Every structure is written in C-alpha cells, then in structure tokens.
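1. pasting the sequence and the predicted coordinates here, then a few questions.
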Amino acid sequence: MPVPRCSGPCGGARPAALRRPRTGRAVCRSCFCGAFEAEVLGTLRTGHLLPPGAVVAVGASGGKDSTVLAHVLRALNSHHSLALDLRLVAVDEGIGGYRDAALAAVRRQAARWQLPLHVVAYAQLFGGWTMDEVARRAAREPGRARACCTFCGVLRRRALEEGARAVGATHIVTGHNADDMAETVLMNFLRGDAGRLARGGTLGSPGEGGALPRCRPLQFASQKEIVLYAHFQELDYFSEECVYAPEAFRGYVRDLLKALEATRPSVVLDLVHSAERLALTPAARPPPPGACTRCGALASRSLCQACALLDGLNRGRPRLAIGKGRKGLGEEGEGENCTSRDRGRPTLTGAIQAF
Ligand code: SF4
C-alpha cells in the first residue's frame, strides 16, 4: 500500500508517519508533534491551569510521561510565551535496583534542558523509612499481600508536595495520561470509592487545605501517542517497571482496560470523560475534610494518611493507617501519583497505524 501524504498543516509536503487513532488523520512526524503540543496547550488554557508567572514543579520520574510533559511545557513556554518558571522535582523512594537508574535519567534531562532539579528522598523526609523498608515491614504482617503501592502512593504525594515547596513552586504538574486516568476511574468504580470518583474527573486539584494546586496537562493524551511523541523527539527516558508494581491492583485494572479497548477503542477517553460528567447525590458525597492535627494537611480523621502511616510503621502496624474508612477525601491511595508501572518500553505502534 503506498504511504499517504500528510493531511496536516504541511499540506502534504511530507509523507505521513502515522494515522492518529483519535481523528483517523494520516499525519507526518512534524504535524503530529505540533498537534500533540497544541492539544496540551488547549488543556492548559481550557482549565486555566497554569497562570503566567507560575513557578511550576514538574514531578519528574524519568519515565516517558513526565519526560514528555517537561519537554512539551518547555516547547510551549518558548513558542507561546507562557511565562512559566519550570523546575524538576524527583522523588527518591528508596527502591533498590530501580530508582537509582530512573534518577540518573532525570539528571540527564535536567542537564540537557538546563532546568533546576531537586530530589527529595523518603529516608530524609520520613525518619529513615525507605520504600524497601516499608515493604519489608508490611510483608511481616501475616496473611496479607504487601500492597506496596498503597503505602507508597500516600508517601509520594507528601514527598512531591515537600519537594515543590522546597523549590518555591506555586503549582505542581504530573505526567498522568488518559490511560492512567481511565485506570483510576475504573479502580474507583470497582472499589465503590465515591469520594475519589467525585473528584476524579477534574483536571487537577485547586489546592485544598493549603496544598499547592496540582494539575495533569497530559490527561487527555493517550499513552501510545506519548510514546510516539517521545520517539519522534528522540527523548531519553527510563522505561523499566518498578519492582513493586506487579503487586498493584492497578495492574489487573490495566489488563481489563486493554481487553475492553480491543473491542471498543474509544473506551479510555470515554472513561475519562464519564468521570468529568459524573454527579453524586448529596448523600453519596464525602464529608468536608478537616486538617491533620500533626502536619495540617487535608485529613479525614485527626491524622492524615501520611502521618497515620508513619505512626503505624513506627509501631510495627503499618496497615492500621490504610483502613477502609480513610478513603474518599483529598488523601491518596494506591500509587495515584506514580507513573512508574510501565512493563518495559511500550511498543511504538500498538493500535496506531504507522507507515
Ligand atoms: Fe511506589 Fe510507584 Fe513503585 Fe508503586 S509503582 S511502589 S507507587 S514507585
């Protein structure tokens, strides 16, 4: 079959490189990258997410999502004069055999883009606890799966907030994409977690309880297109899966979503948009959150999840902090702010028709 000419803004000057799943249009590399960046700009502008002059902490994991996010924000900053002050913030969870290599990728990116980088470590922030130590302690509780991402998700959110404050950020951005968002929506349905469903469809959080505002500029970008963008821009990123990721409930949800996508290709964006339109009856809404009596963060009880988890760890009972009654507020559960679960480098084409 002859390769079609690009139907994008170049007017067919170049051969097409792929057919975009969302629009069905055959486009060349350059027009694809331009359209991808324009869509992220549209997300930022529609949601009024990052005002001019914002000091933006980019949650950098070294993976494809945060790498593409930082690259696109830099490009938009120079082409559209967004006047954003970008800084990279990386979290070192203390995961042996995994995070060191990912952090090396973040350091290369910071050097290439000449962006300031700040690394926050669990061990420093949380009284010597690393994720490996937490996993060992959780494994001692008999008859229970370790569910490391549940613990790590709580601590990561706190660590990113602390790191962003340390660099003087006014806003936090994370690299969550449409696939991540669809998985989260499905997970919340499967758990019957009305509280998270109630806030899961927005583009981020405005900064309740004194927290910094957070947003997800890639929320409507598919994972496949993010991989293609990274490939066309020759971005250097880390693509190993976190050693604890196979234990996560999210992995089962991801497999279910892939099966659904095979028969309904639009299912990912359908789920993202369904969460935007979801309306809960007043009785199903969680009560307004209070403030943690220890650190002042948003909390559904007297202690927020992070402080309660650290208390539980120090008393040898980490699971006391992750009880069912704690879900539903601004606190995070299973790795919601982590995109470190890629199983190897994702294929470049997948369901995308590449020429
Ligand atoms: Fe933490 Fe992410 Fe690894 Fe889970 S996958 S343990 S949330 S770094």
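-> That came through, no problem. Numbers count the residues shown, from 1 in each chain.

2. pull the number of nearby residues for the closest residue to residue 148 other than its chain neighbours.
-> Closest residue to residue 148 apart from its sequence neighbours, by C-beta to C-beta, 6 or more residues apart in numbering: residue 244 at 3.9 Å. Yep, even glycine has a C-beta here, placed from its N, CA and C like the rest. Number of residues near residue 244 (other C-beta atoms under 10 Å) recorded here: 24.

3. which residues touch residue 244?
-> Listed by C-beta atoms under 8 Å, 6 or more residues apart in numbering, the contact set of residue 244 reads 95, 131, 135, 146, 148-149, 152.

4. which SS class is residue 129?
-> coil (DSSP: H, G, I helix; E, B strand; the rest coil).

5. residues from the stretch 151-300 of the chain in reach of the ligand?
-> Within the stretch 151-300 of the chain, the residues that sit near the ligand (C-beta under 6 Å from any ligand atom) are 152-153, 156, 242, 244-245, 248.

6. among those, which are located in helices?
-> Using DSSP state H, the subset of these located in helices is 152-153, 156.

7. who are the packing partners of the helix or strand that contains residue 72?
-> Using DSSP states H and E, residue 72 sits in helix 64-79. Under the contact definition 3 or more C-beta pairs under 8 Å, 6 or more residues apart in numbering; DSSP states H and E, helix 64-79 sits against helix 29-46, strand 55-59, strand 85-92, helix 99-113, helix 223-232.

8. need the contact list for the residue nearest to residue 271 when sequence neighbours are not counted.
-> Nearest non-adjacent residue to residue 271, counting by C-beta to C-beta, 6+ apart: residue 182, 3.9 Å away. Applying C-beta under 8 Å, 6+ apart, we find residue 182 in contact with 257, 267-269, 271-272.

9. again, only using 6 Å
-> 268, 271-272 (C-beta atoms under 6 Å, 6 or more residues apart in numbering).

10. could you do residue 62 as well?
-> 102, 105-106, 238.

11. what segments of this protein are helices?
-> 29-46, 64-79, 99-113, 122-125, 131-139, 148-166, 178-191, 194-200, 223-232, 249-263, 267-277, 305-314.

12. quick one: contacts for residue 151?
-> If a contact means C-beta under 6 Å, 6+ apart, then residue 151 has residue 134 as its contacts.

13. any idea how far residue 75 is from it?
-> Distance, residue 151 to residue 75, by C-beta to C-beta, to the nearest Å: 36 Å.

14. circling back to that earlier point, give me whichever of the helices and strands packed on helix 64-79 is most buried.
-> strand 55-59 (a mean of 25; mean count of other C-beta atoms under 10 Å).

15. quick one: mean pLDDT for that strand?
-> For strand 55-59, the mean per-residue pLDDT is 98.
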